[in-house]
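Colleague: Based on what follows, work out the 3D shape:
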Amino acid sequence: MDNCPASNSSCPNHQGTHSGHTTIDVGYYTFKTNRTQVGGLSDIEVTEIWSGESLLTDIFDWERNYIFMSYMYRAFPGSYIIVHQTILNHMVAMILAKYSDDESSEFQRHVSGDNIPQYQHNKHCHIKMDR
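Modeller: A predicted model of the protein is given here:
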């Protein structure tokens with residue numbers, strides 16, 4: 001987990017996201033490592049979860065990400081999470097297949113997706129602690 005502060009940021013091109021110090025970057029769980037975001041720590045291995053614009057679903061661990069994100073929005077009710085839209089679509093499909101419509105609806109109330117390259121949601125999610 002990387003706090004990614006606004007000054008001396010390890011998150012190029014989206015420093016303003018962290019200017020209020022209420023947003024954190026969290027790398028995605030994969031089947032190879034526990035995170036995809038290096039942040040300022042050069043000794044942490046990066047796992048590639050994309051082939052071009054396609055999510056590598058055999059590497060991206062949707063269920064561990066789902067469980068972690070669910071714990072976050074339950075433990076911190078005012079928080080919300082932003083991921084890459086492709087990741088959100090995949091996770092929602094898998095939640096529907098394995099769990100229920102209710103679980104999927106609850107997840108989508110707290111997790112949103114976008115395709116804005118500068119926020120780098122293809123590498124990590126943002127957890128905003130203040131809605």
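
Colleague: Gln85 is in contact with Asp114, isn't it?
Modeller: Yes - in this structure Gln85 lies within contact range of Asp114 using C-beta atoms under 8 Å: 5.9 Å. Just so you know, the C-beta spots here come from the backbone N, C-alpha and C atoms, and that holds for glycine as well.

Colleague: where does this protein dip in pLDDT?
Modeller: 1-20, 33-46 (pLDDT under 70).

Colleague: The host helix or strand of Phe107: which residues count as buried?
Modeller: If you go by DSSP states H and E, Phe107 is part of helix 101-110. Along helix 101-110, these residues count as buried under the neighbour rule (16 or more other C-beta atoms under 10 Å): Ser104, Glu106, Phe107, His110.

Colleague: List the contacts of the third one.
Modeller: Applying C-beta atoms under 8 Å, 6 or more residues apart in numbering, one finds that Phe107 lies in contact with Tyr66, Met69, Ser70, Met91, Val92, Ile95.

Colleague: so what's Leu88 closest to, chain neighbours aside?
Modeller: When the adjacent residues along the chain are set aside, Leu88 lies closest to Gly113, with 3.2 Å between them (C-beta to C-beta, 6 or more residues apart in numbering).

Colleague: count of residues packed around that neighbour?
Modeller: When neighbours are defined as other C-beta atoms under 10 Å, Gly113 has 19 of them.

Colleague: Which positions within the helix or strand containing it qualify as buried?
Modeller: For Gly113, the element it lies in under DSSP H and E is strand 111-114. Judged by neighbour count using 16+ other C-beta under 10 Å, the buried positions of strand 111-114 are Val111, Gly113.

Colleague: Okay, now the sheet partners of it, with direction.
Modeller: Sheet pairing here is set by DSSP bridges, and for strand 111-114 it gives strand 80-84 (parallel).

Colleague: between the strand it pairs with and helix 101-110, how many degrees?
Modeller: Between strand 80-84 and helix 101-110, the angle comes out at 90 degrees (axes from the mean of the first three to the mean of the last three C-alpha atoms, to 10 degrees).

Colleague: And the strands in the chain, which stretches?
Modeller: Counting by DSSP state E, the chain has strands at residues 23-27, 50-51, 54-55, 80-84, 111-114, 124-128.
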